[in-house]
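Asker: Everything below, folded, please.
(one chain, ligands or ions: 1)
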Amino acid sequence: MCGIIGYTGIGNAVPKITKGLSVLEYRGYDSVGLAAKTDTGIKTVKCKGRIGALEEKLEASPIKESGTAIGHTRWATHGGPSDTNAHPHSVGKTVLVHNGIIENYRELKSELEATGVTFVSETDTEVAAAVLNGEYERVGDPISAIRTATSRMTGSYAFGILFSDKDGEVFAIRSGSPLILAKGADGYYLASDMTALLPFTNEYYCLVEGELARLTPNGATVYSADNTPSEPAWSVTSMTAESAQKGGYPHFMLKEIYEQPEAVVKSVSPRVKKGQPDFSADGIDAEFWKKVKNIQIVACGSAMHAGLVGIRLLEDIAKVPTVSCIASEYRYHPPIATDGTLVIVISQSGETADTLAALRYATDAGLPTLAIVNAVETTIAREADKRIYTYAGPEIAVATTKGYCTQVSVLYMIAAAISKAKGLIDDTEAAALVKGITEDAPKAISDMLENVEMLRGLSERLAKKEHVFFIGRGTDYAMSEEGALKLKEISYIHAEAYAAGELKHGTISLIEEDTPVIAISTEEALYDKTESNVREVRSRGAYVILLCREDAKNAEASADAVIRLPVNSAAATLFASLTAVQVLAYETATLRGCDIDRPRNLAKSVTVE
Ligand code: G6P
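Answerer: The predicted structure follows:
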């Protein structure tokens, strides 16, 4: 999704902006641009396509040394990808880049057109630039112009702004979309995303809703909602530029799959004390868990799929009735809340607009909220009543792997903590669950990664197909949803997940000679039933890859290919199956020559509703 980078200082701004833009690429984008302040005014270069196209334009027409610039990667919403619709947008003295959506842009545009203003692009951003420029022309003061202009806008925005008569100054304001300021050795930075700042500095400040900022080469000032100025309270991030690089792997996605064992350990071990589940470091004690009578998990995409696995864990281990809701639907039909309802929002980025809107809806409804978030100090993490961070580190590939994996691992630990708090399990049983998730699961992931050659061989068959089905029962059905999503996201193969028993009620009509079916069967009690479903599809010509427990009988007789999963604990079996479907998706997409880390049309952090 859209990305913002800005700089002002004693360094050369343009290479810094292009560097920042190249880091932001992972968010997904279809056009790119920058605007730099020069002795002869603000020069803007922008185009449809990737950074390479922008660099060609800059080579053909170089911008001479500039100390102040803003840049943007655009993921099209209002108006298709084109040179004209790309940001920055300029109107009069005002040049800006924008993340988010100005929802009332049509009304604002009509008002401006009635006064003779004309527009060249189809974007809401150009309208925002015109509104701001009108105010700036009227009052002449950037701070009050930005305040008045944004007070007329509804929707969400993070703006990076230059005014042609304000040398060395970059302005920024946010509402609903994130913005981070940073302090470097040679100047001050602005970005929508921490990773874009890592090549330059580790000192940062996250702008709070409604805060406005002014950067100059000598300092940064933050203006609160009532315009009281202050110096940002800088923090230091432990993330490094290296953690956001490929480190020898051909793709970020593969690197992130291999990082999963460590990411799980980092995410769950702070929640263990003396071998028992313990969230006291997150400010959550046994009394809190005891009061939970039912749970609504709310999230998008893979995070929602983590919630589907969470249902099984929380109901089976902690006996707490749980639902997992698609965040964009939650507000229209929220599940009925009762005394003891806890809303858990899950988000890798902490900025997904639909999840944030659902969180705010739950907060307004007076429900207690808990966020499971990877990116620290993000809006969702800040606005929830309680937060549990997953410590997956920066996730760059658009298709989440270690983010999802750590979300499931934390849900596992929450299920153990609730079960223990409610007295449903004793210390020995709780310790066994903890061992499963802290030791067996990471080992199972590593062991499955030893089988990459075998998985690649199976992917050769998948890569030639346009349709693949995933089937499973219970937790395996939830995992099938994630397996199918991974495959379609990055390989563009149509993949569908079905509850294994449901296939015969319609979808089995799609099975023909050689149709691939990936059957997941990790639960011993359900094996025979899923195996029957495998036989049903196989007898209709399907090519079946069966992921089953290593002690499963007759698997080779039922399926065309078998992937055996460890059975030393339920967590080991579950995470091994996850790793297998991730690697199958990755290898299949590689064989199809897809742009794995940046799949078409997708964005890493979806900050529009
Ligand atoms: C996007 C990503 C998905 C992700 C979803 C939710 O659609 O492409 O991989 O699962 O957003 O993201 P979040 O950051 O809230 O977990």
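
Asker: Could you pull up the residues touching the residue in the stretch 51-200 of the chain that the ligand sits nearest to?
Answerer: For the stretch 51-200 of the chain and the ligand, the shortest gap (CB to the nearest ligand atom) falls at residue 75, measuring 11.1 Å. (Each C-beta comes from the backbone N, C-alpha and C, glycine too.) Contacts for residue 75 (CB atoms under 8 Å, 6 or more residues apart in numbering) come out as 1-2, 27-30, 603.

Asker: hmm, try it at 7 Å
Answerer: Contacts of residue 75 were listed using CB atoms under 7 Å, 6 or more residues apart in numbering, and they are 1-2, 28-30, 603.

Asker: My guess is residue 459 contacts residue 586. True?
Answerer: No: using CB atoms under 7 Å, residue 459 is not in contact with residue 586, being 8.2 Å away.

Asker: Between these two, which is the more surrounded one?
Answerer: residue 586 (29 against 24; other CB atoms under 10 Å).

Asker: Tell me which residues touch that one, please.
Answerer: 253-254, 257, 596.

Asker: do that again at 8 Å, thanks
Answerer: Listed by CB under 8 Å, 6+ apart, the contact set of residue 586 reads 251, 253-254, 257, 486, 490, 596.

Asker: quick revisit: in JSON lines: the contacts of residue 75, plus pLDDT, distance to residue 201 and secondary structure.
Answerer: Formatted as JSON lines, the contacts of residue 75 follow (pLDDT from 0 to 100; distance: CB to CB, whole Å; DSSP: H, G, I helix; E, B strand; the rest coil):
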{"residue": "1", "pLDDT": "72", "distance to residue 201": "23", "secondary structure": "coil"}
{"residue": "2", "pLDDT": "87", "distance to residue 201": "22", "secondary structure": "coil"}
{"residue": "28", "pLDDT": "75", "distance to residue 201": "25", "secondary structure": "coil"}
{"residue": "29", "pLDDT": "83", "distance to residue 201": "23", "secondary structure": "coil"}
{"residue": "30", "pLDDT": "86", "distance to residue 201": "29", "secondary structure": "coil"}
{"residue": "603", "pLDDT": "79", "distance to residue 201": "25", "secondary structure": "coil"}
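
Asker: out of those residues, who's near the ligand?
Answerer: The subset of the contacts of residue 75 within reach of the ligand, by CB under 6 Å from any ligand atom, is empty.

Asker: ok, those residues vs the ligand, which is closest?
Answerer: For these, the nearest to the ligand is residue 603 (6.1 Å; CB to the nearest ligand atom).

Asker: quick one: the closest one from residue 381, how far?
Answerer: 20 Å (CB to CB, to the nearest Å).

Asker: In the stretch 451-600 of the chain, what residue comes closest to the ligand?
Answerer: For the stretch 451-600 of the chain, the residue closest to the ligand is residue 489, as judged by CB to the nearest ligand atom, at 7.0 Å.

Asker: And what about that residue, helix, strand or coil?
Answerer: helix (DSSP: H, G, I helix; E, B strand; the rest coil).

Asker: Distance check, it against residue 374.
Answerer: 18 Å.

Asker: cool, and residue 30?
Answerer: Taking CB to CB, one finds residue 30 at 25 Å from residue 374.

Asker: Residue 512 now?
Answerer: According to CB to CB, residue 512 stands 41 Å off from residue 374.

Asker: rewinding a little: counting neighbours, what do you get for the residue of the stretch 451-600 of the chain closest to the ligand?
Answerer: 25.

Asker: which parts of the stretch 351-500 of the chain sit against the ligand?
Answerer: So the stretch 351-500 of the chain meets the ligand at 352, 355, 398-400 (CB under 6 Å from any ligand atom).

Asker: cool, and the chain?
Answerer: So far as CB under 6 Å from any ligand atom goes, the chain lies against the ligand at 300-303, 347-349, 352, 355, 398-400, 602, 604-606.

Asker: Of the residues you listed, which pair is most distant in space?
Answerer: 355 and 399 (17.6 Å; CB to CB).

Asker: sorry, back to before: quick check: of the contacts of residue 75, which lies closest to residue 89?
Answerer: Nearest member of those to residue 89, counting by CB to CB, is residue 2, at 12.6 Å.

Asker: so who does the residue lying closest to that closest one once chain neighbours are set aside touch?
Answerer: Nearest non-adjacent residue to residue 2, counting by CB to CB, 6 or more residues apart in numbering: residue 99, 4.3 Å away. By CB under 8 Å, 6+ apart, the residues touching residue 99 are 1-4, 156-158, 177, 192, 607.

Asker: Just the residues you listed: which are in helices?
Answerer: Of these, none are assigned to helices by DSSP state H.

Asker: can you put these in CSV and add neighbour count?
Answerer: As requested, these are exported to CSV (neighbours: other CB atoms under 10 Å):
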residue, neighbour count
1, 27
2, 28
3, 31
4, 30
156, 21
157, 22
158, 25
177, 26
192, 32
607, 26
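
Asker: Take the residues of the stretch 351-500 of the chain next to the ligand and lay them out in CSV including secondary structure, distance to residue 480 and pLDDT.
Answerer: Output for those, formatted as CSV (DSSP: H, G, I helix; E, B strand; the rest coil; distance: CB to CB, whole Å; pLDDT from 0 to 100):
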residue, secondary structure, distance to residue 480, pLDDT
352, coil, 23, 91
355, helix, 23, 96
398, coil, 21, 92
399, coil, 16, 95
400, coil, 17, 97
